[in-house]
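K.L.:
sequence and predicted structure, then a few things I'm wondering about:
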Amino acid sequence: MWQVLLSIPGTPIKLYGYGFMVCLAFLGGLLMAQWRAKRERLDPDLVADMALWIFVGGVVGARAFYVFQYWGTRIHSLGEAFEIWNGGIVLYGSIIGGFLAFLAFRRVREFPLLATCDALAPSIALGIGIGRIGCFLNGCCYGDMTSLPVGVCFPAYSPPWVDQVQRGVIESTQSHSLAVQPTQLYSAFDGLLLCLLLTAYYPLRKRDGEVMALLMVTYPVTRFLIEWLRNDEGSFFAGLTISQNISLGIFALGLINWAWLRRRPLTRFADQPSAHDHDPATPDNPT
C-alpha cells in the first residue's frame, strides 16, 4: 500500500497512487487504441477525441454508481455526492458511463462502430489491469481474511484495518490488519491476461465486433469469481454482490452479441478496399 507516491515539501500538493495509476491506465489504453486504429485503417485522431468523452463519462459514471450503491451508508447528502476528492468510484460505473459517452460521441461523429469497438476492447482490459494496481496502492477493493501465503497485511488506518477494527477482529492498537486476499492484484493480473488474450485473438477474428464480444463474455466470468474473495461489498440481490449481478447481465448481453454477430457476413472493415485503393492516380494504377 502506497497511498501517496510523492508530496512536495512545504506545499499541500500530493501525488496519490490511485490517481496516478488511473491516469496511467487511461494514457496506456489511449496509446494502445491509437496504435490499433492505425493498423486497422481507423482514424487515430478520432480515437483521441473519443477518449476524452469516454474519460469524462467514465468518471461521472463511476461516481454516480458509488453514490447509488452507498447512499445512506457512506453518502448521506447531495453535497457529499459531489465530494469525489474524498474517494469513492466504482469500476462497473466507469464502464457504464464510458459506454454511454461512447454512444453519445457517435451521434456527433460517424465511425465504423464494430471495428472501433474491437480496437478499444484490448485497451479496456489494459486499463482494468493498470487501474487495479492503483486499488492495491490505495488499499481499497480488498479481499477476505486468509491464512494462505498470498495474504497481505495492510497498515493502520487503511480500509482493511478500519474494517477489522470496526468488526472487533483486531484492536485499534495494532499496526497492521490481519492478512487478506490481495484481490486487487488478482484483478490486475486478470485485466492484463485478458488484454493478451484479446490481442492474440484480434488477427483471428472473422467479423468486426468479435473482439469486444469476447471481452463481454470473459471479463464478467473472472470478475464474478474474484468477487467471491472480496470483503468490501455486501449482498445486493439473490445473495450476490451488485458487481456479480452486473457481471451476469453483461455476460448475457455478450452471448446475445455473439449470436447476433454469427448472423452477419464474414467481413472486416480493415479488409475492405478504401477509396485510395481505387484511385487511378496511384502508382498501382498509373494513368
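P.N.:
The structure has been received and is ready for your questions. Numbering: from 1, shown residues only.

K.L.:
the residue nearest the centre of the chain - nearest residue in space that isn't next to it in sequence?
P.N.:
Residue closest to the mean C-alpha point of the chain, counted by Cα atoms, centre = their mean, is Ile128 at 3.8 Å. Distances taken as Cβ to Cβ, 6 or more residues apart in numbering place Gly191 nearest to Ile128, at 3.4 Å, with adjacent residues excluded. Using the backbone N, CA and C atoms, a C-beta is placed for each residue, glycine as well.

K.L.:
returning to what we had before: hang on, isn't the residue nearest to the centre of the chain packed against Ser187?
P.N.:
Yes - the pair Ile128 and Ser187 qualifies as a contact (Cβ atoms under 8 Å) at a distance of 7.0 Å.

K.L.:
I'd like to know how many residues surround the residue lying closest to Leu46 once chain neighbours are set aside.
P.N.:
Computed as Cβ to Cβ, 6+ apart, the closest residue to Leu46 that is not its neighbour in sequence is Phe111, at 5.8 Å. Residues near Phe111, counting by other Cβ atoms under 10 Å, number 15.

K.L.:
ok so, going back, could you measure from the residue nearest to Ile128 over to Ala48?
P.N.:
Using Cβ to Cβ, to the nearest Å, we find Gly191 at a distance of 22 Å from Ala48.

K.L.:
which of these two has more neighbours?
P.N.:
In this view Gly191 and Ala48 are compared by other Cβ under 10 Å, and Gly191 has more residues nearby, 24 against 14.

K.L.:
shaky segments in the stretch 101-250 of the chain?
P.N.:
Along the stretch 101-250 of the chain, the model assigns pLDDT under 70 to no residue.

K.L.:
one more time with 80
P.N.:
Scanning the stretch 101-250 of the chain for pLDDT under 80 picks out 231-234.

K.L.:
all good on my end, thank you.
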